[in-house]
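J.: Quick one: sequence plus predicted model below, questions after.
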Amino acid sequence: MKIPFSPPYIDDDVITEVVDTLQSGWITTGPKVKALEEEVCELTGVSNALCVNSWTSGAILIMKWFGIKEGDEVIIPAYTYSATALAVLHCGGTPVMVDVKEDFTIDPEKIRAAITDRTKVIMPVDIAGLPCDYDPINEIVHSEEIKKLFKPTSENQKKLGRILVLSDAAHSIGATYNGKPTGVLTDITIFSFHAVKNITSAEGGAICINLPAPFDNAEEYKTMRLWTLNGQTKDAFTKSQGGGSSWKYDIVFQGLKVNMPDVCAAIALAQIRNYNTELLPERKRVAERYHEFFSSKKWAQLPVIEDAKRKACDHLYALRINGITEEQRDAMMVSIADDEVSVNVHFIPMPMLTLFKDLGYKIADYPVAYDNFSREISLPIYPQLSDEEIDFICQSIEKAYEKILVNEAAV
């Protein structure tokens, strides 16, 4: 039984939507992107959402909009995909890595201890679709003690008057915290629509704008939209409508080129319309079946998929194996692969990667991140999985663990 790790969900609705776009004669940014932005607003409750061509470009856009430059610090978890830190580096800022909690999410107490007068942004990461604990994070940036430390160096920083909370919600569209959906939990939230995400546009992302007064979020949406199009005052779709001086445009600042095309938006548009009614419940079915099997295994540490505050959107099922080493975990994965079950690891902590080691980061400074990584195996989780396939995956994991025990006993 061959089981892939995370195939995209492509049904007839997706194909119909994409074909409609191709036949429309307009495939770059246009009406489908606008429709997707409206669906993101509907799903999250945010008033303004801007689609971009990746999570990474969205994060770079926001940090440039906020005025991040050389010498500025952005606090991030050590346990995340490298794009979180790379976006900071691309803006000239310094990623300040802190350790995580046992549930994979950033530790608010570590955040507080890392804040300096150079801190401009805190970027929590919703690993595996589980929201971070946002109440204490938001309390930190609003505390008078921390606000007094803040030294704004751009107009938007002066306008906000405190550290920006930018949520890396690449994994967590559809998750909730205190009954509220991701998208409205912090100042800015960025989702990913990469090929392996719960909702995909092949490549893409969405920025949810939830800034407090005196910001006008509708106006900020317009400004950020210009940022996606080289700072150009008219997009190609508007210029193409013809008539009079509709072709005339201006370049008003040094923007980026990170807009999402309609042909990509069409894929996500078909999926998001069925997300809460079909795709999300099916992911939950898979997660709960894993929970049912592994809850009786003393060697298995189950991921948090729901607690008193949080409900995950089940992007990943991040199983950890108790009492094993990194090398034993890797041996288990080889055994599982022999059964033609594709599993993964999320993620290698950034201080273990060459780029970040060369910048001076040391994994010894992040013991919880390393412990989580060393024992973690991400299991397949997507709507197309049958109960029979899920059971086969569970049996393969158990068999791999037992093989490790036998090998250890023979030594």
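T.: Arrived safely. Residues are numbered from 1 along each chain as shown.
J.: which residue is nearest the centroid of this structure?
T.: Ala170 (1.3 Å; CA atoms, centre = their mean).
J.: my guess is that one contacts Phe193, does it?
T.: No: taking contacts as CB atoms under 8 Å, Ala170 lies outside contact range of Phe193: 9.2 Å. For every residue, glycine as well, the C-beta is placed using N, CA and C.
J.: For the stretch 251-400 of the chain, just list every one of the helices.
T.: For the stretch 251-400 of the chain, the helices defined by DSSP state H, counting those that start in this stretch cover 262-272, 280-294, 326-338, 354-358, 367-374, 387-410.
J.: Need the nearest residue in space to the residue nearest to the centre of the chain, chain neighbours excluded.
T.: Distances taken as CB to CB, 6 or more residues apart in numbering put Ser192 closest to Ala170, at 3.6 Å, once the chain neighbours are dropped.
J.: Wait, the one you found touches Thr182, no?
T.: No: contact status for Ser192 versus Thr182: not in contact, 11.9 Å apart, counting by CB under 8 Å.
J.: circling back to that earlier point, and the gap between the residue nearest to the centre of the chain and Gly93?
T.: Going from Ala170 to Gly93 by CB to CB, to the nearest Å gives 19 Å.
J.: for Val121, same thing?
T.: 8 Å.
J.: Please apply the same query to Ile207.
T.: On the measure of CB to CB, Ile207 and Gly93 end up 18 Å apart.
J.: who's more crowded, those two?
T.: Ile207 (32 against 21; other CB atoms under 10 Å).
J.: Can you list the neighbours in contact with the strand or helix carrying that one?
T.: Ile207 belongs to strand 205-209 when assigned by DSSP states H and E. Strand 205-209 is contacted from outside by 36-37, 40, 44, 46-58, 61-62, 170, 183-184, 188-194, 217, 220-221, 224, 260, using CB atoms under 8 Å, 6 or more residues apart in numbering.
J.: Following the chain past that strand, name the next helix or strand.
T.: Assigned by DSSP H and E, the successor of strand 205-209 is helix 217-227.
J.: where exactly do the strands run in the stretch 1-150 of the chain?
T.: 48-52, 73-77, 94-98, 119-122 (DSSP state E, counting those that start in this stretch).
J.: need the contact list for the residue lying closest to Ala49 once chain neighbours are set aside.
T.: Excluding its sequence neighbours, the residue lying closest to Ala49 (CB to CB, 6+ apart) is Val40, at 4.0 Å. Contact analysis of Val40 by CB under 8 Å, 6+ apart lists Val46, Ala49, Cys51, Gly183, Phe191, Ala206, Cys208, Ile272.
J.: Check those residues against Leu280 and report the nearest one.
T.: Ile272 (10.5 Å; CB to CB).
J.: Could you report the neighbour count for the closest residue to the closest one other than its chain neighbours?
T.: Leaving aside its chain neighbours, Ile272 sits nearest to Glu39 (4.6 Å; criterion: CB to CB, 6+ apart). Neighbour count of Glu39, defined by other CB under 10 Å: 20.
J.: For Glu39, give its distance to Asn259.
T.: Glu39 is 17 Å from Asn259, by CB to CB.
J.: Just the buried ones from the contacts of strand 205-209, in PyMOL syntax?
T.: Buried residues within the contacts of strand 205-209, by 16 or more other CB atoms under 10 Å, are selected in PyMOL with:
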select buried, resi 36+37+40+44+46+48+49+50+51+52+53+54+55+56+57+58+61+62+170+183+188+189+190+191+192+193+194+217+220+221+224+260
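J.: got a list of what the residue lying closest to Val52 once chain neighbours are set aside touches?
T.: Nearest residue to Val52, sequence neighbours excluded (CB to CB, 6+ apart): Gly58, at 4.3 Å. Contacts for Gly58 (CB under 8 Å, 6+ apart) come out as Leu50, Val52, Ile190, Gly205, Ala206, Ile207, Val258.
J.: So which of those residues is the closest to Glu278?
T.: Ala206 (19.9 Å).
J.: quick one on the thing from earlier: now do the shared contacts for Val121 and Gly93.
T.: Common neighbours of Val121 and Gly93 (CB under 8 Å, 6+ apart) are Met63, Ile68, Asp72, Val74.
J.: right, and Pro349 touches Glu376 too?
T.: No: between Pro349 and Glu376 there is no contact under CB under 8 Å: 10.6 Å.
J.: Which one of the strands of the stretch 1-150 of the chain lies nearest to Lys357?
T.: Of all the strands of the stretch 1-150 of the chain, strand 94-98 comes closest under CB to CB, at 12.0 Å.
J.: circling back to that earlier point, out of the helices of the stretch 251-400 of the chain, the one nearest Ile111 is which?
T.: Ile111 sits nearest to helix 367-374 of all these, at 13.9 Å, using CB to CB.
J.: Now do the closest one and strand 94-98, the angle between them.
T.: Inter-element angle recorded for helix 367-374 and strand 94-98: 80 degrees (by axes from the mean of the first three to the mean of the last three CA atoms, to 10 degrees).
J.: List the buried residues for helix 367-374?
T.: Here helix 367-374 shows Val368, Ala369, Tyr370, Asn372, Phe373, Ser374 as buried, counting by 16+ other CB under 10 Å.
J.: Of those residues, which is the nearest to Val345?
T.: Nearest member of these to Val345, counting by CB to CB, is Phe373, at 7.0 Å.
J.: Name the nearest residue to that closest one, sequence neighbours excluded.
T.: Pro349 (5.4 Å).
J.: ditto for Leu22
T.: Val263 (6.8 Å).
J.: ok, that neighbour touching Ser24?
T.: No: counting by CB under 8 Å, Val263 does not reach Ser24; the two are 9.7 Å apart.
J.: wait, what's in contact with the closest residue to Asn274 other than its chain neighbours?
T.: Sequence neighbours aside, Asp13 is the residue nearest to Asn274 in space, at 6.8 Å (criterion: CB to CB, 6+ apart). Taking CB under 8 Å, 6+ apart, we find Asp13 in contact with Ala270, Gln271, Arg273, Asn274.
J.: Now do the last one against Val14, distance only.
T.: The span separating Asn274 from Val14 equals 10 Å under the rule CB to CB.
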